[in-house]
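>>> Sequence and computational prediction follow.
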Amino acid sequence: MLEIRNIFKSYGNLRVLDDVSLSVSEKEIVTIVGPSGAGKTTLLQIAGTLDRPDSGRVIYDGVDVGGMKDRRLSEFRNRQIGFIFQFHQLMPEFTALENAAMPALIAGDSRKAAFAKAEELLGLLGLGDRLRHKPSEMSGGERQRTAIARALVNSPRVVFADEPTGSLDSRNRDEIRRLIADLRDRLGQTFVVVTHDPTVAAIADRVVNMADGRIVTPPPAC
Ligand code: ADP
């Protein structure tokens, strides 16, 4: 479904990605682990079309997104890709329902359709009684679940998560980890997750180890 081929990326003299190739299948949970500075976030951003590589190709269902102009790429990203970040990045002035519906409204869905989808997902994620709460009125775990609903609202081909449990306590970490596994099982959702959390890596179908801008096997000693 997703093919990343021979990606190179440098910032100035620093080579951050050095010939990285990776393929992700539908309904797969792939985690990317490795030391800080290994290039994991950069790879996620390039795979998620938020950044462009210096060379190499990112191919979704046979379509090379490198050939898309920025506007077309934004539309593609909005509809086909979901993101979950370490810090929820919800908009503070909006309710859980409004935050979760936002990508669907941006995609041009009617308010009715967008809010219905967001409500269904928030219910599925156990937030049916938090629809009209603002982020400041929710716990860390509830905020992150709202962010997950927002990532899923357009039924994306793939969800990229960058340290999704990094800012949570152990109870909420467990809950988010279980949710990711459950969403794959129930919705067939594909996930690519950058994580330092060994319990998140434990739910993966495949663990990809990175060091110094390359994919390495076997895992480096930590
Ligand atoms: P990881 O996620 O594995 O910790 P990153 O992909 O965030 O690694 O970063 C890899 C390297 O690239 C780091 O040395 C980081 O400082 C550098 N880097 C990342 N983004 C930028 C940027 N926008 N400008 C300059 N250097 C960057």
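Nice, I can see it.
>>> of all the residues in this protein, which ones are close to the ligand?
On the criterion Cβ under 6 Å from any ligand atom, the ligand has as its neighbours in the chain the residues 11, 16, 34, 36-42. Glycine gets a C-beta too; all of them are placed from N, C-alpha and C.
>>> Please, where are all the helices along the protein?
Counting by DSSP state H, the chain forms helices over residues 40-47, 70-80, 96-106, 111-124, 140-152, 170-187, 198-201, given from the N-terminal end onward.
>>> could those be laid out in a markdown table, adding distance to Arg130?
Rendered in a markdown table, the data for those read as follows (distance: least, Cβ to Cβ, whole Å):
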| stretch | distance to Arg130 |
| --- | --- |
| helix 40-47 | 28 |
| helix 70-80 | 25 |
| helix 96-106 | 5 |
| helix 111-124 | 7 |
| helix 140-152 | 6 |
| helix 170-187 | 14 |
| helix 198-201 | 24 |
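>>> of all those helices, which lies closest to Ile215?
With distances scored as Cβ to Cβ, the stretch of those nearest to Ile215 is helix 40-47 (8.9 Å).
>>> So which elements touch the closest one?
In this structure, helix 40-47 packs against strand 2-11, strand 14-24, strand 29-33, strand 158-162, strand 190-194, with contacts taken as 3 or more Cβ pairs under 8 Å, 6 or more residues apart in numbering; DSSP states H and E.
>>> Using PDB, write down the CA coordinates of the helix or strand of the chain with the lowest mean pLDDT.
The helix or strand with the lowest mean pLDDT-type score in the chain, counting by mean pLDDT, DSSP states H and E, is helix 198-201 (a mean of 84). Once side chains and other backbone atoms are set aside, the C-alpha atoms of helix 198-201 remain, and they are given as PDB (Å, rounded to 0.1, in the frame of the first residue of the first chain):
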ATOM      1  CA  PRO A 198       8.600  -1.000  24.300                       C
ATOM      2  CA  THR A 199       5.000  -1.900  25.100                       C
ATOM      3  CA  VAL A 200       3.800  -0.100  22.000                       C
ATOM      4  CA  ALA A 201       6.500  -1.800  19.900                       C
END
